[in-house]
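*Asks:* coords please:
(one chain, ligands or ions: 1)
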Amino acid sequence: MPTIETRGLTKSFGDVDAVLDLDLTIEAGEVFGFLGPNGAGKSTTINLLLDYIRPTSGSVEVFGMDAQRHPAKIRERVGVLPEGYGFDDPLTGREYLDWAIGTKDADDDPAALLDLVSLTDDAGRMAADYSKGMQQRLAFAMALVDDPDLLILDEPSTGLDPNGVRTMRENVADVAADGTTVFFSSHHLAEVEAVCDRVGVMNEGELVAVDSIDGLRDTVGGHAAIELECATPPTELGVEALDGVVDVAVEDHTLTVTCVDPGRKIDVVTHVAERADVVDILSTTVSLETLFNELTEGGREGGGETTAEVAQ
Ligand SMILES: Nc1ncnc2c1ncn2[C@@H]1O[C@H](COP(=O)(O)OP(=O)(O)OP(=O)(O)O)[C@@H](O)[C@H]1O
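*Replies:* This is a model prediction of the structure:
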């Protein structure tokens, strides 16, 4: 039995179809990346899974139970890290965790959970005074209470520093190794690539792709990418006008160009070398980010921050 199964799931807010005709099946034990730019419908889907909102049409089953008929039974087996958990009450980190353990009637060791998210030394401080990253880690620990069968993470690395991101990834991998199904919503592509078995890509409420990372690459085509490091920022070189170029991105002194096939890379190098001082050349496989940009171009809110620097 799948852990999550939606059929024809639709949620409209007035004229906006936040989620449209979503068919999604997530098997037990999967780490599933739910990707999409801002406004794609990710949080709405999560709210539908947990029966926080009701669908306009279609069905949702979690653990084989209808989400509307058995929300309490479902929620007691689910751990949720919501987007932007508000720690507004005058409670310490430890007290928040005790509260989470109490509400689930669980017997977790709070010290072990605090240690897992590196908050042992700050457990006695008011959670409201924590940094964003610390609050995120506390929310993650609360989501792990009672060893959930399904862990739902909505943008889990928000506010985390690189160490925090790495630790969170390790924790997700550990949880998954114990058999927990993980539903990982994010627009941070590298993060999803690093931890997920399969990804679904949402755009404007619709699931535009669902596959393994490699499968997704194959779907988009045999594109090839080349990175050119230049002595000065490589802007306005006219690379996007070259035949066979599908994406151009500039970050600091690095120009990343995606071509429809590897044979086009030499034209790119020649073109750039005639106009800029190239100091290094790196040929790479197409990143998931490029694929994601292609799949979600023209999204509801301009495709989100990940597409902002891609010049077409
Ligand atoms: N309660 C609501 N009332 C009206 N519109 C809503 C409501 N909730 C969501 N929407 C709209 O539905 C669409 C999908 O929003 P949703 O929050 O699910 O996207 P998301 O993929 O989670 O985005 P983000 O990455 O920014 O969190 C957006 O256009 C949003 O404005």
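*Asks:* got the buried residues for stretch 130-142?
*Replies:* Across stretch 130-142, burial judged by 16 or more other CB atoms under 10 Å covers Y130, G133, M134, Q135, Q136, R137, L138, A139, F140, A141, M142. Placement of C-beta: from N, CA and C, glycine included.
*Asks:* again with stretch 248-266
*Replies:* Within stretch 248-266, the residues that qualify as buried are V248, A249, V250, H253, L255, T256, V257, T258, C259, R264, K265, counting by 16+ other CB under 10 Å.
*Asks:* Just put those residues in TSV and tack on secondary structure and distance to G238.
*Replies:* Formatted as TSV, the buried residues of stretch 248-266 follow (DSSP: H, G, I helix; E, B strand; the rest coil; distance: CB to CB, whole Å):
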residue	secondary structure	distance to G238
V248	strand	10
A249	strand	15
V250	strand	13
H253	coil	18
L255	strand	12
T256	strand	16
V257	strand	12
T258	strand	16
C259	strand	15
R264	helix	15
K265	helix	16
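*Asks:* can you map out the helices along the protein?
*Replies:* 42-49, 71-75, 93-103, 110-116, 132-143, 162-177, 189-195, 213-220, 265-273, 288-296 (DSSP state H).
*Asks:* As a markdown table, those helices with distance to the ligand and mean pLDDT would be great.
*Replies:* Formatted as a markdown table, the helices of the chain follow (distance: least, CB to the nearest ligand atom, whole Å; pLDDT from 0 to 100):
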| stretch | distance to the ligand | mean pLDDT |
| --- | --- | --- |
| helix 42-49 | 3 | 96 |
| helix 71-75 | 18 | 95 |
| helix 93-103 | 23 | 96 |
| helix 110-116 | 26 | 95 |
| helix 132-143 | 15 | 93 |
| helix 162-177 | 17 | 88 |
| helix 189-195 | 13 | 78 |
| helix 213-220 | 18 | 72 |
| helix 265-273 | 33 | 93 |
| helix 288-296 | 10 | 73 |
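*Asks:* Flag the shaky bits of the chain, pLDDT-wise.
*Replies:* Along the chain, the model assigns pLDDT under 70 to residues 217, 219-222, 284-290, 298-312.
*Asks:* Neighbours of the residue nearest to R54 when sequence neighbours are not counted, how many?
*Replies:* Leaving aside its chain neighbours, R54 sits nearest to Q68 (6.6 Å; criterion: CB to CB, 6 or more residues apart in numbering). Residues near Q68, counting by other CB atoms under 10 Å, number 12.
*Asks:* Kindly list the main-chain dihedrals of Q68?
*Replies:* When read as degrees, to the nearest 10, the backbone of Q68 gives phi -80, psi -30.
*Asks:* what's the distance between the spatially most central residue of the chain and the ligand?
*Replies:* In the chain, the centroid-proximal residue (CA atoms, centre = their mean) is S186; its distance is 1.8 Å. According to CB to the nearest ligand atom, to the nearest Å, S186 stands 8 Å off from the ligand.
*Asks:* For L153, name its beta-bridge partners.
*Replies:* L81, F184 (DSSP bridges).
*Asks:* Make 50 the starting number, not 1.
*Replies:* In the new numbering, first residue 50, that becomes L202.
*Asks:* Please tell me how far it sits from the ligand.
*Replies:* From L202 to the ligand the distance is 13 Å (CB to the nearest ligand atom).
*Asks:* contacting residues for G208?
*Replies:* G208 is in contact with S180, K181, G182, Q184, Q185, counting by CB atoms under 8 Å, 6 or more residues apart in numbering.
*Asks:* ok, the fourth one touching D137?
*Replies:* Just to be clear, that refers to Q184. No. Using CB atoms under 8 Å, Q184 is not in contact with D137; the gap is 11.0 Å.
*Asks:* List the contacts of the nearest residue to T141 once chain neighbours are set aside.
*Replies:* Leaving aside its sequence neighbours, T141 sits nearest to G173 (CB to CB, 6+ apart; 5.4 Å). Contact analysis of G173 by CB under 8 Å, 6+ apart lists T141, G142, R143.
*Asks:* contacting residues around the first one?
*Replies:* In this case it means T141. Contact analysis of T141 by CB under 8 Å, 6+ apart lists A172, G173, R174, M175, A176.
*Asks:* likewise the last one?
*Replies:* The neighbourhood of R143, defined by CB under 8 Å, 6+ apart, consists of P159, L163, A172, G173.
*Asks:* Give me the buried subset of those residues.
*Replies:* Buried among the contacts of R143 (16+ other CB under 10 Å): P159, L163, A172.
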